[in-house]
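Okay, structure incoming, though there's no sequence with it:
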């Protein structure tokens, strides 16, 4: 399996933010996107994950291959940790959540209501969902925010296990992920040239 | 799909505001009407079907913004959009969950509330039937409205303004059916119209809701 992104241009709010982005991630590889705030990393990830259409260019894989994790973890606070994960396991029809619970050390928290978790624990639960999806391509947006050092290592191990199983990962981050082997792509050179703002009608479309 | 339905029902039960809130609102509306129009039982029984239908409609409206907004806020809507479920199935399931938590309790409670409004004996069965057939349309149309306003902060009022006009046909034929039955007239025509509206909305609106939601998630 290989994720090929060719000449992709992405837009946020109708304004192009990145242009001509091309990269290839082979099976077992991870690619880390870097760049300053507002450069369009999240928009690029959402486009790759199929949540929004590209302005131009193509993503080489169907969205069925992708598992996406954004800034929000999609956790229901009144459900327990186990119920939250089990729901996604049922939706993705993968069945067991035990591996995910172990990978992110959530065993002791299993029956706690997710609303009572700390920010870092919630993040771990959100990341455990990626294991549960069983999808080959992980698209992760700032996965290690609010994680402590031990949890970052836990996350890196989970990504390595995923890569070893033939998966691939696309991540955006500012901080160190503990994934030394991952390739890094700086997206700043792809920054779109803003068009002159004279398109009055277009501003409303 | 079953998983999504059970999760939504579980959330409605645990977080409150599901079964109870709409029903309590319905009760308050129905109790307030006699205070407003006076205790004359003849007048009350005349307006009972209309008031019960209006009450059901408003109670339904009250919980519409919870259908999608909560999932949007905590990010699960994005995650659901990348899940193997088609968006049309997601909005249909959401509408079904809304109907089970709001519409169905209203249908079941309507006879009791009819008592408070001195609903004539001949009206109970037609009223329950009309609510049973009509309320699914309210949930489906409401989900469409919720999909339209999902990205907006404090979109509740806009949602009501968008959705209430769309409720007019259901309200007209639903209340008309109960009224006709009470007066001993043929009620089949409004019943069929009501059923037609419900079937039409269930068949077509999920596609519109899904399309709108995809645009709103961008």
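That came in fine, so what should we check first? If you're wondering where the values come from, they're calculated on a predicted model, not measured in any experiment.

which residues in chain B form helices?
With helices called from DSSP state H, chain B shows them at B:2-15, B:19-37, B:41-62, B:66-73, B:76-81, B:87-98, B:104-116, B:124-148, B:156-182, B:188-217.

Repeat that for chain A.
For chain A, helices defined by DSSP H occupy the ranges A:41-48, A:81-91, A:98-103, A:119-133, A:149-164.

Other residues contacting the fourth one?
It stands for helix A:119-133. Contact with helix A:119-133 is made by A:67, A:69, A:73-75, A:81, A:84-85, A:88-89, A:92, A:94, A:97, A:99-101, A:103-106, A:109, A:114, A:117, A:138, A:140, A:143-148, A:151, A:154-155, A:158, A:162, B:79, as judged by Cβ atoms under 8 Å, 6 or more residues apart in numbering or on different chains. Every residue, glycine included, has its C-beta placed from N, CA and C.

ok, of these, which come out buried?
A:67, A:69, A:73-75, A:81, A:84-85, A:88-89, A:92, A:94, A:97, A:100-101, A:103-104, A:106, A:109, A:114, A:117, A:138, A:140, A:143-144, A:147, A:151, A:154-155, A:158, A:162, B:79 (16 or more other Cβ atoms under 10 Å in any protein chain shown).

Kindly reformat the helices of chain A as TSV containing mean pLDDT.
Output for the helices of chain A, formatted as TSV (pLDDT from 0 to 100):
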stretch	mean pLDDT
helix A:41-48	89
helix A:81-91	86
helix A:98-103	82
helix A:119-133	87
helix A:149-164	87
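
and the nearest residue to residue B:104 once chain neighbours are set aside, what pLDDT?
Of all residues not flanking residue B:104 in the chain, residue B:135 sits nearest, at 7.6 Å (Cβ to Cβ, 6 or more residues apart in numbering or on different chains). Looking at residue B:135, its pLDDT is 93.

again with residue B:17
Value listed for residue B:17 in the pLDDT field: 56.

got it, and residue B:213?
If you check residue B:213, the pLDDT there is 90.

That one - how many residues pack around it?
When neighbours are defined as other Cβ atoms under 10 Å in any protein chain shown, residue B:213 has 26 of them.

Hmm, residue B:68 and it touching each other?
Yes. With contact defined as Cβ atoms under 8 Å, residue B:213 reaches residue B:68; the gap is 7.4 Å.

Which residues are in contact with each of the two?
Residues touching both residue B:213 and residue B:68 (Cβ under 8 Å, 6+ apart): B:77, B:147, B:150.
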